[in-house]
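S.K.: what would the 3D arrangement of this be:
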Amino acid sequence: MAWTTAELDALKRAYASGTLRVSYDGKTVEYGSADDLLKRIRTIESEIAATSGGPARPIAGFAGFGRGDR
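M.R.: Predicted coordinates:
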C-alpha cells in the first residue's frame with residue numbers, strides 16, 4: 001500500500017497530542033490504543049524508508065577497544 005507523508009504527519013500529530021482519532025485526506029480512523037497508533041507510525045516510516053532507498057531500520061555498529069600497545 002502506498003502511504004503518504006500527509007497520513008504519517010497526521011498520525012504523528014495525533015500521537016503527540018494523545019488523540020486516538022486521526023483524520024487525513026477526508027478519512028477518519030480511530031485506533032484502539034496509543035500503542036496501535038505508534039505501530040502504524042513505525043510501519044509507515046519503514047515502508048517509506050524502504051521505497052526511498054533508505055535503511056528500513058537503524059543499523060548498529062560494533063565498537064573496537066584496544067590497550068594502545070599495538
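S.K.: surely residue 24 and residue 13 touch.
M.R.: No - look at residue 24 against residue 13 with CB atoms under 8 Å: they stay out of range, at 9.5 Å. Every residue, glycine included, has its C-beta placed from N, CA and C.
S.K.: between these two, who's got more neighbours?
M.R.: residue 24 (16 against 12; other CB atoms under 10 Å).
S.K.: skipping its backbone neighbours, what lies nearest that one in space?
M.R.: Nearest in space to residue 24, with sequence neighbours left out and distances taken as CB to CB, 6 or more residues apart in numbering, is residue 10 at 3.9 Å.
S.K.: hey, where'd the helices end up in this structure?
M.R.: Assigned by DSSP state H, the chain shows helices spanning 5-17, 34-51.
S.K.: which one of those lies closest to residue 67?
M.R.: Among the helices of the chain, the nearest to residue 67 by CB to CB is helix 34-51 (39.3 Å).
S.K.: mean confidence (pLDDT) on that closest one, please.
M.R.: Across helix 34-51, pLDDT averages out at 90.
S.K.: now distance to residue 69 too, for the helices of the chain, in JSON lines please.
M.R.: Shown next, in JSON lines, are these (distance: least, CB to CB, whole Å):
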{"stretch": "helix 5-17", "distance to residue 69": "50"}
{"stretch": "helix 34-51", "distance to residue 69": "42"}
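S.K.: gap between the residue nearest the centre of the chain and residue 3?
M.R.: Nearest residue to the geometric centre of the chain (CA atoms, centre = their mean): residue 42, 2.9 Å. Distance of residue 42 to residue 3, computed by CB to CB, to the nearest Å: 12 Å.
S.K.: can you check residue 34 too?
M.R.: Counting by CB to CB - residue 34 and residue 3 are separated by 19 Å.
S.K.: residue 14 too?
M.R.: Distance from residue 14 to residue 3, by CB to CB: 15 Å.
S.K.: please apply the same query to residue 35.
M.R.: Where residue 3 is concerned, residue 35 sits at a distance of 19 Å (CB to CB).
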